[in-house]
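>>> Quick one: sequence and predicted model below, then my questions.
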Amino acid sequence: MARWTTGFDFGLGLGARVRTSPYFDATVQAGVTHFTVYNHMLLPLGYGDPKAEYRRLTETAAVWDVAAQRQIELAGPDAAPLAQLLATRDIGRMSIGQGKYVPMCDHHGRLVNDPLLLRAAEDAYWFSIADNDVLLWARAVAYERGCDVEVTELDVAPLAVQGPRAEDVVAALLGEAVRKVGFFRFQAFSVDEIQMLVGRSGWSKQGGFELYLLDPSRGTELWHAVMAAGASFGAGPGCPNSIERMESGLFSLRTDAPDDADPYEVGLGKWVDLDGDVEFIGRKALEEKRRIGLTRELVGLIIEGAAAPPAIRPWPAEADGKPVGTVRAAAYSPRYQRNLGIAFVDVPANEPGTVLAIDAEGERRTATVVPLPFDAQTMG
Ligand code: THG
């Protein structure tokens, strides 16, 4: 069997079908070495030095091309009721500029996406989506429900600045007022007439901002402006970090669980509002799931042995010689100084302390189940 050392062993065939981001030229110039495909767009995954990129994110500031976090806009008189149908949380009292993390489910309660929803205007909502086709889903629901709304994918391109110095970088770029922007709050800013919506958000727990660039033709300029503002703080290129996000307990749609998983199974149950009386797609199925209780669950793993290879496909996991699920992601963690894993397993193998035998790209290893999110206490 082939042995994989990095998970990044192939070139990528490019063409018009796979979209490039407005920051593509700038990231190439900055030395990007690896991409993945996310929402049919290239998403940079590395610049050739994973250790330095992890340090940059956790010690200074990293600048991420996350234009692949596409914005699906609902605009028109029925934007609010349609957004509510699509989200499993009560979004009734969102103010303009407010964001909310909202799971999105199908009629069977299966998780379709876990976007950051922004109320962009009185009658406009933007779903900033993970890697699944929300445009098709939202258009179908809008039509079938007879909603008076336009559903489009906007050419808005988020650029994330993440890390302990991110606020200093963004303040140097946009002025001190940006320090007052609250968590998941978005406001209009500009630099050199490059217009953007800026929010305190991002897929790390290091703190930071996302700059939603409104004119994709200005991508290269914005990238260079951020780098110039950030140079004295040690800012440099980075990307959504598969290690830090595991350490910090952030969910990765379609990485962490199979496509038929529900929000309860993946730890997003706290974002399902069944206590009020809001109607949303999947509500009935989710009420039933909540009544029945979990049969499967996303768990953390501590994996024995040398630095773990990345799980480039789900790894079979067994308990007491029986298949119980799969390991979905694995990496050596600098923070905890051990191998972490994320596994989707059947009850009762979700019980902390359960010992699993896993097939790590052809190598048999032992792993122990721990609760998510990982924390220093359970690491022992
Ligand atoms: N930012 C934006 N769009 C995105 C992401 C993002 N789209 C794709 C993907 N990430 C969506 N998934 C997430 C997952 C987690 C969070 C945001 C988007 C997140 N979670 C925090 C947490 O779980 O602790 C905060 C949740 C809360 O308090 O509401 O930030 O990163 N624009």
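That came through fine.
>>> make it CA atoms for all contacts and neighbour counts henceforth
Will do.
>>> Identify the residues contacting the residue lying closest to Arg200 once chain neighbours are set aside.
Nearest non-adjacent residue to Arg200, counting by CA to CA, 6 or more residues apart in numbering: Phe209, 4.3 Å away. By CA atoms under 8 Å, 6 or more residues apart in numbering, the contact list for Phe209 reads 160-162, 166-167, 170, 198-202.
>>> SS state for Phe209?
strand (DSSP: H, G, I helix; E, B strand; the rest coil).
>>> Point to the helix or strand of this protein where mean pLDDT is at its lowest.
helix 376-379 (a mean of 86; mean pLDDT, DSSP states H and E).
>>> Run through who's touching that one.
Residues contacting helix 376-379 (CA under 8 Å, 6+ apart): 336, 370-371.
>>> try 10 Å
With CA atoms under 10 Å, 6 or more residues apart in numbering as the test, helix 376-379 has contacts from 302, 335-338, 352, 370-372.
>>> Let me know the helix or strand that the residue in the stretch 51-200 of the chain that the ligand sits nearest to is in.
When distances are taken as CA to the nearest ligand atom, the stretch 51-200 of the chain reaches nearest to the ligand at Ala130, 3.6 Å away. If you go by DSSP states H and E, Ala130 is not part of any helix or strand.
>>> thought it was touching Tyr38?
Yes - contact criterion CA atoms under 10 Å: Ala130 and Tyr38 qualify, at 7.8 Å.
>>> any common contacting residues for these two?
Joint contacts of Ala130 and Tyr38 (CA under 10 Å, 6+ apart) are 68-70.
>>> The contacts of Phe209 in strands, which ones?
160-162, 198-199 (DSSP state E).
>>> Grab the two from these that are most spread out in space.
Greatest spacing in the ones in strands among the contacts of Phe209, by CA to CA: Gln162 and Val198 (12.9 Å).
>>> what are the ranges of the helices in the protein?
For the chain, the helices defined by DSSP state H cover 24-29, 50-59, 79-86, 134-144, 166-174, 219-230, 242-247, 283-292, 376-379.
>>> got the contact list for the residue of the stretch 51-200 of the chain closest to the ligand?
38-39, 68-71, 112-116, 252-254.
>>> how about 8 Å then?
38-39, 69-70, 113-115, 253 are the contacts of Ala130 under CA under 8 Å, 6+ apart.
>>> what bridges to the closest residue to Phe127 other than its chain neighbours?
With CA to CA, 6+ apart as the measure, Leu117 is the residue that lies nearest to Phe127, at 4.5 Å, once sequence neighbours are left out. Applying DSSP bridges to Leu117 gives these bridge partners: Lys100, Phe127.
>>> What subset of the contacts of Ala130 is buried?
38-39, 69-70, 113-115, 253 (16 or more other CA atoms under 10 Å).
>>> residues of stretch 321-341 that come out buried?
323-333, 338-341.
>>> ok, back up a step: can you tell me which of the ones in strands among the contacts of Phe209 lies closest to Glu297?
Gln162 (29.5 Å).
>>> So that closest one sits against Leu211, correct?
No - counting by CA atoms under 8 Å, Gln162 does not reach Leu211; the two are 11.0 Å apart.
>>> Pick out whichever of these two has more residues nearby.
Counted by other CA atoms under 10 Å, Gln162 and Leu211 do not tie: Gln162 has more neighbours, with 34 against 29.
>>> Give the closest residue to that one in space, chain neighbours not counted.
Per CA to CA, 6+ apart, closest to Gln162 is Gly208, 4.3 Å.
>>> My understanding was that that neighbour contacts Phe184; is that so?
No - with contact defined as CA under 8 Å, Gly208 does not count as touching Phe184 (10.5 Å).
>>> Mind listing the shared neighbours of these two?
Counting by CA under 8 Å, 6+ apart, the residues touching both Gly208 and Phe184 are 200-201.
>>> quick one: which of those two has more around it?
In terms of neighbours (other CA under 10 Å), Gly208 is the more surrounded of Gly208 and Phe184; the figures are 26 against 20.
>>> Let me see the contact set for Arg359.
Heads up, residue 359 is Asp, not Arg. 315-317, 365.
>>> Show me what the residue nearest to Pro316 when sequence neighbours are not counted is bridged to.
Nearest residue to Pro316, sequence neighbours excluded (CA to CA, 6+ apart): Thr326, at 4.7 Å. Note on Thr326: beta-bridge partners by DSSP bridges are Pro316, Phe344.
>>> which residues touch Thr326?
314-317, 343-345.
>>> Near Asp277, how many other residues are there?
Neighbours around Asp277, by other CA under 10 Å: 9.
>>> measure it to Asp346 for me?
31 Å (CA to CA, to the nearest Å).
>>> returning to what we had before: among the helices of the chain, which gets the worst mean confidence?
Mean pLDDT values for the helices of the chain show the minimum at helix 376-379, a mean of 86.
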